[in-house]
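Peer 1: 3D, please:
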Amino acid sequence: MIKPLNVNKIEEKLRTCKNLSLEQVQFEELDEITEIKIDKRKSSNERILDFLSKVKNPYIFKVKGRIVQIEFSKSTRTADECLTNVLKKLYR
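Peer 2: Now for the predicted structure:
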(Lines give C-alpha, C1' and ligand atoms only; values in the text may rest on other atoms or scores of the structure.)
Protein backbone atom coordinates (compact mmCIF):
# COMPACT_ATOMS: atom_id res chain seq x y z
CA MET A 1 0.00 0.00 0.00
CA ILE A 2 1.33 3.46 -0.89
CA LYS A 3 1.62 5.87 2.01
CA PRO A 4 -0.51 9.07 1.89
CA LEU A 5 2.69 11.15 1.90
CA ASN A 6 3.74 9.55 -1.41
CA VAL A 7 0.32 10.28 -2.90
CA ASN A 8 0.71 13.92 -1.89
CA LYS A 9 4.10 14.04 -3.62
CA ILE A 10 2.58 12.51 -6.75
CA GLU A 11 -0.24 15.04 -6.73
CA GLU A 12 2.26 17.88 -6.43
CA LYS A 13 4.34 16.42 -9.29
CA LEU A 14 1.22 16.22 -11.47
CA ARG A 15 0.34 19.86 -10.79
CA THR A 16 3.88 20.98 -11.61
CA CYS A 17 4.36 18.83 -14.71
CA LYS A 18 0.94 19.60 -16.16
CA ASN A 19 1.96 23.20 -16.81
CA LEU A 20 5.32 22.50 -18.48
CA SER A 21 5.66 23.00 -22.21
CA LEU A 22 8.00 21.19 -24.61
CA GLU A 23 10.22 24.27 -24.66
CA GLN A 24 10.77 23.96 -20.91
CA VAL A 25 12.11 20.39 -20.94
CA GLN A 26 15.42 18.94 -22.09
CA PHE A 27 15.28 15.93 -24.42
CA GLU A 28 18.04 14.16 -22.49
CA GLU A 29 16.13 14.50 -19.21
CA LEU A 30 12.92 12.89 -20.49
CA ASP A 31 12.14 9.33 -19.45
CA GLU A 32 12.08 6.63 -22.10
CA ILE A 33 8.70 5.10 -21.30
CA THR A 34 9.69 1.66 -22.63
CA GLU A 35 12.32 1.44 -19.88
CA ILE A 36 9.94 2.06 -16.97
CA LYS A 37 9.09 -1.25 -15.34
CA ILE A 38 5.74 -1.66 -13.58
CA ASP A 39 4.75 -4.70 -11.51
CA LYS A 40 1.82 -6.27 -13.37
CA ARG A 41 0.77 -8.19 -10.27
CA LYS A 42 -0.36 -4.95 -8.62
CA SER A 43 -3.91 -3.65 -8.86
CA SER A 44 -4.76 -1.16 -11.58
CA ASN A 45 -4.65 1.79 -9.18
CA GLU A 46 -1.36 0.66 -7.67
CA ARG A 47 0.19 0.31 -11.15
CA ILE A 48 -0.90 3.86 -12.00
CA LEU A 49 0.59 5.21 -8.77
CA ASP A 50 3.75 3.16 -9.38
CA PHE A 51 4.11 4.64 -12.87
CA LEU A 52 3.47 8.17 -11.61
CA SER A 53 6.07 7.78 -8.88
CA LYS A 54 8.71 6.43 -11.30
CA VAL A 55 8.31 8.75 -14.28
CA LYS A 56 9.83 12.24 -14.07
CA ASN A 57 7.03 13.83 -16.06
CA PRO A 58 3.87 11.83 -16.85
CA TYR A 59 2.80 14.44 -19.42
CA ILE A 60 6.00 14.59 -21.52
CA PHE A 61 8.20 11.56 -22.13
CA LYS A 62 9.88 9.58 -24.91
CA VAL A 63 8.58 6.50 -26.70
CA LYS A 64 11.37 4.80 -28.66
CA GLY A 65 13.24 8.10 -28.83
CA ARG A 66 10.29 10.26 -29.92
CA ILE A 67 8.88 12.95 -27.67
CA VAL A 68 5.26 12.45 -26.66
CA GLN A 69 3.23 15.09 -24.87
CA ILE A 70 -0.20 14.19 -23.56
CA GLU A 71 -3.04 16.28 -22.24
CA PHE A 72 -6.55 15.56 -21.12
CA SER A 73 -9.73 17.24 -22.19
CA LYS A 74 -12.75 17.86 -20.03
CA SER A 75 -14.80 15.55 -22.24
CA THR A 76 -16.84 12.70 -20.83
CA ARG A 77 -15.32 10.31 -23.40
CA THR A 78 -12.89 7.76 -22.02
CA ALA A 79 -9.36 7.22 -23.29
CA ASP A 80 -10.48 3.82 -24.63
CA GLU A 81 -13.25 5.44 -26.65
CA CYS A 82 -10.89 8.04 -28.09
CA LEU A 83 -8.21 5.50 -29.03
CA THR A 84 -10.78 3.15 -30.54
CA ASN A 85 -12.13 6.02 -32.64
CA VAL A 86 -8.64 6.91 -33.88
CA LEU A 87 -7.88 3.29 -34.78
CA LYS A 88 -11.18 2.91 -36.63
CA LYS A 89 -10.37 5.98 -38.71
CA LEU A 90 -6.85 4.79 -39.47
CA TYR A 91 -7.83 1.27 -40.49
CA ARG A 92 -11.00 1.78 -42.50
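
Peer 1: in this structure, where's the longest helix?
Peer 2: Scanning the chain for the helix with the most residues, using DSSP state H, yields helix 4-18.

Peer 1: give the rounded mean pLDDT of that one.
Peer 2: Mean pLDDT, helix 4-18: 83.

Peer 1: which elements pack onto it?
Peer 2: helix 44-54 (3 or more Cβ pairs under 8 Å, 6 or more residues apart in numbering; DSSP states H and E). From N, CA and C alone the C-beta is placed, and that goes for glycine too.

Peer 1: go ahead and measure how far the helix it packs on is from the middle of the chain.
Peer 2: Its chain's C-alpha centre and that of helix 44-54 lie 10 Å apart, by Cα atoms, centre = their mean, to the nearest Å.

Peer 1: what strand or helix carries the residue most central in space within the chain?
Peer 2: The centroid of the chain falls nearest to Pro58 when counting by Cα atoms, centre = their mean (3.6 Å). Using DSSP states H and E, Pro58 sits within no helix or strand.

Peer 1: who's in contact with it?
Peer 2: Shown in contact with Pro58 (Cβ atoms under 8 Å, 6 or more residues apart in numbering): 13-14, 17, 51-52, 70.

Peer 1: look up phi and psi at it.
Peer 2: phi -70, psi -10 (degrees, to the nearest 10).

Peer 1: is the residue nearest to Gly65 when sequence neighbours are not counted bridged to anything, and to what?
Peer 2: Leaving aside its chain neighbours, Gly65 sits nearest to Glu32 (7.4 Å; criterion: Cβ to Cβ, 6 or more residues apart in numbering). Beta bridges link Glu32 to Lys62 when assigned by DSSP bridges.

Peer 1: and the gap between Glu32 and Ile70?
Peer 2: Distance, Glu32 to Ile70, using Cβ to Cβ, to the nearest Å: 15 Å.
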